[in-house]
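Student: Sequence first, then the predicted structure:
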Amino acid sequence: MNSNFNYTQTPGRVKLANYTNNNEHPLISIITPFYNSKEYFSQTFNSVVNQTFPYFEWIIVDDGSIDKEAISLLNELAEAEKRIRIFHIENVGPSAARNYAINQSRAEIVVPLDADDLIEPTYLECVYWSLYTNPEASWSYTDSIGFQNEEYLWKKPFNSKLMKVENLLTCTAGIRKKDLYEVGLYTTSETYFNEDWHLWLKLLNAKKFPVHMGWYGFWYRRSNNGVLGHLKSNRSDQKKSSYLIKDIGRSITDIKAIEFPRY
């Protein structure tokens, strides 16, 4: 934890001026699985519509929500933002819901964003231009801030070998859709496992590499809910997840990221 950092200054506390986009062809597709996610979703919504980069669509997959208030909130916010597209499906879990959203997306860059996490106002702008200026890279990500139940600043240089045993990344990044399809999208063989870590290892296994932008652009809400909370309390699923991670990471070699700034 960094005692000098103000963890209360989260993005999306209020809705700012909306940078609208009349272009029907988005440059980024944000994808969000949504399951009864009413508690923090309004702030996530604000952090998205406050983006300085307006050329996005936001695909939200309602993954079989049963909370009527959550569904009502989702519909209300979508009514206020024309760039949102909602799809309602039966409950399939976060990996399959993300894959569904990717298949519906129209942009060549996909940004997974969970319904309780936050992005800084220039996040999409920086993701887009970092990939535009580095066409050989497959994804672009920033350093992150953990907040709520755990408070920390996460800033580490990229290390593909260390990724075999420790997830240095978060679930949120800008990823080229063609590379997602090349590695078969998110793995859906298990419902509860480290699906985002597994995806990064699949990309590394295919010799793909990222752009690492050295600034704090992503806010990761640490709570007892979600996949990580489940894995901490369920030893059987934790073992299955560990096996999948170890298996996919077995043949990964030393792959370098493009570091901005250089460490």
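Tutor: All right, it came through fine.
Student: Quick check, residue 126 in contact with residue 217.
Tutor: Yes: assessed by C-beta atoms under 8 Å, residue 126 is found in contact with residue 217 at 6.5 Å. C-beta here means a position set from N, CA and C on the backbone, and glycine is covered the same way.
Student: Pull up the overlap in contacts between these two.
Tutor: residue 142 (C-beta atoms under 8 Å, 6 or more residues apart in numbering).
Student: Which one's more surrounded, those two?
Tutor: Remark: of residue 126 and residue 217, residue 217 carries more neighbours, 25 against 21, as counted by other C-beta atoms under 10 Å.
Student: so the more buried one sits in a strand?
Tutor: Yes: under DSSP: H, G, I helix; E, B strand; the rest coil, residue 217 falls within a strand.
Student: From residue 245, how far off is residue 196?
Tutor: Distance of residue 196 to residue 245, given as C-beta to C-beta, to the nearest Å: 11 Å.
Student: Could you name the specific helix or strand carrying residue 61?
Tutor: Element membership of residue 61, judged by DSSP states H and E, is strand 56-63.
Student: ok and the helix or strand immediately after that strand in the chain relative to strand 56-63, angle-wise?
Tutor: The first helix or strand that comes after strand 56-63 along the chain, using DSSP H and E, is helix 68-80. With axes from the mean of the first three to the mean of the last three C-alpha atoms, to 10 degrees defining the directions, helix 68-80 sits at 160 degrees from strand 56-63.
Student: Helix or strand next in line after helix 68-80, which one?
Tutor: Next helix or strand after helix 68-80 toward the C-terminus (DSSP H and E): strand 84-89.
Student: How far does the following helix or strand past that next one sit from its chain's centre?
Tutor: Downstream of strand 84-89, the next assigned helix or strand under DSSP H and E is helix 94-104. Relative to the centre of its chain, helix 94-104 is centred 12 Å away, using C-alpha atoms, centre = their mean, to the nearest Å.
Student: Show me the contact partners of helix 94-104.
Tutor: 29, 31-35, 59-61, 63, 85, 87, 89, 92, 110, 112, 114, 177, 180, 185-188, 191, 195, 227.
Student: Tell me the buried residues in it?
Tutor: For helix 94-104, the neighbour count (16 or more other C-beta atoms under 10 Å) marks 94, 95, 96, 97, 98, 99, 100, 101, 102 as buried.
Student: Packing partners of the helix or strand following that helix?
Tutor: As assigned by DSSP H and E, the chain's next helix or strand after helix 94-104 is strand 109-112. Strand 109-112 sits against strand 28-34, helix 123-132, strand 174-176, helix 177-182, with contacts defined as 3 or more C-beta pairs under 8 Å, 6 or more residues apart in numbering; DSSP states H and E.
Student: Would you mind giving those as TSV with mean pLDDT added?
Tutor: Conversion of the helices and strands packed on strand 109-112 to TSV gives the following (pLDDT from 0 to 100):
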stretch	mean pLDDT
strand 28-34	98
helix 123-132	98
strand 174-176	98
helix 177-182	98
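Student: Which among the ones you listed is found nearest to residue 158?
Tutor: Closest to residue 158 of these, according to C-beta to C-beta: helix 123-132, at 13.5 Å.
Student: elements contacting the closest one?
Tutor: strand 28-34, strand 109-112, strand 139-148, strand 174-176, strand 210-222.
Student: May I have the strands that pair with the first one, each with its orientation?
Tutor: Applying DSSP bridges, strand 28-34 is found paired with strand 56-63 (parallel), strand 109-112 (parallel).
Student: so what secondary structure elements neighbour the helix or strand following that strand?
Tutor: From strand 28-34 onward toward the C-terminus, using DSSP H and E, the following helix or strand is helix 41-49. Packing partners of helix 41-49 (3+ C-beta pairs under 8 Å, 6+ apart): strand 28-34, helix 68-80, strand 118-119.
Student: thinking again about what came up before, could you redo the helices and strands packed on strand 109-112 as TSV and give each row distance to residue 256?
Tutor: Below are those laid out as TSV (distance: least, C-beta to C-beta, whole Å):
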stretch	distance to residue 256
strand 28-34	25
helix 123-132	16
strand 174-176	18
helix 177-182	17
